[in-house]
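K.L.:
Need coordinates for the following:
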Amino acid sequence: MANTHDVDDLLDELTAFRRDIHAHPELAFKEVDTANKVARRLREIGLQVTTGIGKTGVVGTLRVGNGSRAIGLRADMDALPIVEQTGLPYASCHHGVFHGCGHDGHTTMLLGAAHHLARTKNFDGTVHFIFQPAEEGEAGAKAMIDDGLFERFPCDRVYAFHNWPDLPAGTIATRSGPIMAAADKFSIQVKGKGGHAAVPHQTPDAILAASELVSQLNTIVSRRIAPTSTAVLSVTQISGGSSHNVLPGSVELTGTVRTFDPAVQNQIETAIRQVINGVGIATGTQISIDYNRYYPATINAEAAAQHALVVANTVGNAVEAPEPAFTSEDFAFMLQACEGAYIWLGQGKGGEHIPLHHPEFDFNDEIIATGVKLHTALVEDFLPQ
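P.N.:
Purely as a prediction, here's the structure:
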């Protein structure tokens, strides 16, 4: 039986695998080649493999002993629509598609854990290795759940990792309660009538109404939300107009809202709709909104988060995250369906700090061993022999 803490012999192979899928990235729900590589590797190490869950998702199942409990470990597989600028020898072969968030590393660490647990078998129960498509804004976690993920592969607890450039390599952080924000998207259509810019009194001015909207929307968090609550509202796009002497007939605004508390989320959406109605009346324009709550807040169960911190201390420097992040994560859907926790795995290198989604980002291969060991330790502690 292999040592349950020794994964050094796997690291060269895992690093090569990570760099291969980095070089061949695939966007949301198009992870066909990546999923095939994952499934093939899982079969080679002796796992039961199910493919096509939530379109391109893969689940590998490993059962040891007679234990009735099961744990799920999730990694995301999709890349981003970004032009890579790393200059690495294993840079993306697909122009405009890039593993700029480290999902190549997440997939690799989970594969390494599957390999290591399959050979050590130092647990009693079932592990489901969940390789998820389409985390980047396309709700692949929800797609897998809607396709019967937890009915077909019941879990008593589920965990997911994300590399975190803000933390040094070897540091592992999580917290009870909210750890990532809910993400809402709004698109507002402002309709005037359009006309000559020299006679603005003859047409409702969609540009002026849009400007008023931007100004008033940016007061919602500061003036309508309690200072003790936490939220972000950002208008990120404005489009309208085609000439210097024409008042456009319509203008579109888009933006995002980030919250941790559903009550605050409701309050902000209500306030946006009230602002829209008021500005429409004041400017004589017709204003409509499409408001999409596409990811809920990622909320860790206290027992799962505290368990993760205790276990993490055996493989690295575990710290309790002092506050959640305003970025979002569709693992939130899995935490709504199953008790669990989301964990940040530090990957910072010295003074270098390249953030997630930056065109020069690259996953730090030096933390592969930490990720494999943490996955392994969580399983062994939750499913003891």
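
K.L.:
which residues of this protein fall in helices?
P.N.:
Using DSSP state H, the helices found in the chain span residues 11-23, 32-44, 103-120, 140-146, 149-152, 206-217, 220-224, 262-283, 302-312, 331-337, 368-382.

K.L.:
and Ser239, how far is that from Thr285?
P.N.:
Look at Ser239 and Thr285: by Cβ to Cβ, to the nearest Å, they are 16 Å apart. To be clear about C-beta, it is placed using only N, CA and C from the backbone, and glycine gets the same treatment.

K.L.:
Oops, could you answer that again for Gly87 instead?
P.N.:
49 Å.

K.L.:
And the two? Which one has more around it.
P.N.:
Shown here are Gly87 and Thr285; by other Cβ atoms under 10 Å, Thr285 has more neighbours (26 against 7).

K.L.:
is it true that that one touches Ile188?
P.N.:
No - judged on Cβ atoms under 8 Å, Thr285 makes no contact with Ile188 at a distance of 10.8 Å.

K.L.:
show me the contacts for the nearest residue to His94 once chain neighbours are set aside.
P.N.:
Closest residue to His94 apart from its sequence neighbours, by Cβ to Cβ, 6 or more residues apart in numbering: Pro25 at 6.0 Å. Pro25 is in contact with 34, 79-80, 92, 94, 97-99, 104, counting by Cβ atoms under 8 Å, 6 or more residues apart in numbering.

K.L.:
Thr298 is in contact with Glu329, correct?
P.N.:
Yes - using Cβ under 8 Å, Glu329 is in contact with Thr298, at 4.8 Å.

K.L.:
if I look at those two, which residues touch both of them?
P.N.:
Listed contacts common to Glu329 and Thr298 are 180, 342; contacts here mean Cβ under 8 Å, 6+ apart.

K.L.:
Looking at these two, which has the bigger crowd around it?
P.N.:
Counted by other Cβ under 10 Å, Glu329 and Thr298 do not tie: Thr298 has more neighbours, with 28 against 23.

K.L.:
How far does stretch 91-111 stretch from one end to the other?
P.N.:
Using Cα to Cα, to the nearest Å, one end of stretch 91-111 lies 21 Å from the other.

K.L.:
again, but for stretch 21-37
P.N.:
First residue to last in stretch 21-37 (Cα to Cα) measures 9 Å.

K.L.:
Show me what counts as buried in that stretch.
P.N.:
21-31, 34-35, 37 (16 or more other Cβ atoms under 10 Å).

K.L.:
want to try TSV for these, with pLDDT and distance to Gly140 as columns?
P.N.:
Listed next are the buried residues of stretch 21-37 as TSV, based on pLDDT from 0 to 100; distance: Cβ to Cβ, whole Å:
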residue	pLDDT	distance to Gly140
Ile21	98	16
His22	98	19
Ala23	98	22
His24	98	18
Pro25	98	15
Glu26	98	12
Leu27	98	11
Ala28	98	7
Phe29	98	7
Lys30	98	11
Glu31	98	9
Thr34	98	12
Ala35	98	11
Lys37	98	17
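
K.L.:
In space, what's closest to Ile172 - neighbours in sequence excluded?
P.N.:
Ile172 sits nearest to Ala312 (Cβ to Cβ, 6+ apart), 4.0 Å away.

K.L.:
Also Asp76?
P.N.:
In space, Asp76 is closest to Glu135, 3.8 Å off (Cβ to Cβ, 6+ apart).

K.L.:
circling back: what subset of the contacts of Pro25 is buried?
P.N.:
For the contacts of Pro25, buried by 16+ other Cβ under 10 Å: 34, 79-80, 92, 97-99, 104.

K.L.:
what's Ala139 in contact with, if anything?
P.N.:
So Ala139 contacts 294-295, 330, 333 (Cβ under 8 Å, 6+ apart).

K.L.:
Okay, it and Phe29: tell me how far apart.
P.N.:
For Ala139, the distance to Phe29 - Cβ to Cβ - is 10 Å.

K.L.:
I figured Ser234 hits Gly255, correct?
P.N.:
Yes - using Cβ under 8 Å, Ser234 is in contact with Gly255, at 5.4 Å.

K.L.:
neighbour-wise, which of those two wins?
P.N.:
Remark: of Ser234 and Gly255, Gly255 carries more neighbours, 20 against 13, as counted by other Cβ under 10 Å.

K.L.:
give me the beta-bridge partners of the more buried one?
P.N.:
Phe186, Val235 (DSSP bridges).

K.L.:
Contacts only, for it.
P.N.:
So Gly255 contacts 185-186, 217, 233-237 (Cβ under 8 Å, 6+ apart).

K.L.:
so what pLDDT did it get?
P.N.:
Among the per-residue scores, Gly255 holds a pLDDT of 97.

K.L.:
Then Thr314?
P.N.:
96.

K.L.:
Just give the number of residues close to it.
P.N.:
Neighbours around Thr314, by other Cβ under 10 Å: 13.

K.L.:
ok, it to Thr174 distance?
P.N.:
Counting by Cβ to Cβ, the separation of Thr314 from Thr174 is 15 Å.

K.L.:
Ok, Phe331 next?
P.N.:
Distance from Phe331 to Thr174, by Cβ to Cβ: 12 Å.

K.L.:
Now the common contact residues for these two.
P.N.:
Tyr342.

K.L.:
who has more neighbours, those two?
P.N.:
Neighbour comparison, Phe331 and Thr174: the larger count goes to Phe331, with 27 against 24 (by other Cβ under 10 Å).

K.L.:
who's in contact with the nearest residue to the more buried one once chain neighbours are set aside?
P.N.:
Once flanking residues are discounted, Phe331 sits nearest to Ala160: 4.6 Å by Cβ to Cβ, 6+ apart. Listed by Cβ under 8 Å, 6+ apart, the contact set of Ala160 reads 73-76, 329, 331, 334, 340, 342-343.

K.L.:
got the contact list for the least confident helix or strand in the chain by mean pLDDT?
P.N.:
Within the chain, no helix or strand scores below strand 195-196, which has a mean of 90 by mean pLDDT, DSSP states H and E. In this structure, residues lying in contact with strand 195-196 by Cβ under 8 Å, 6+ apart are 202-203, 245-247.
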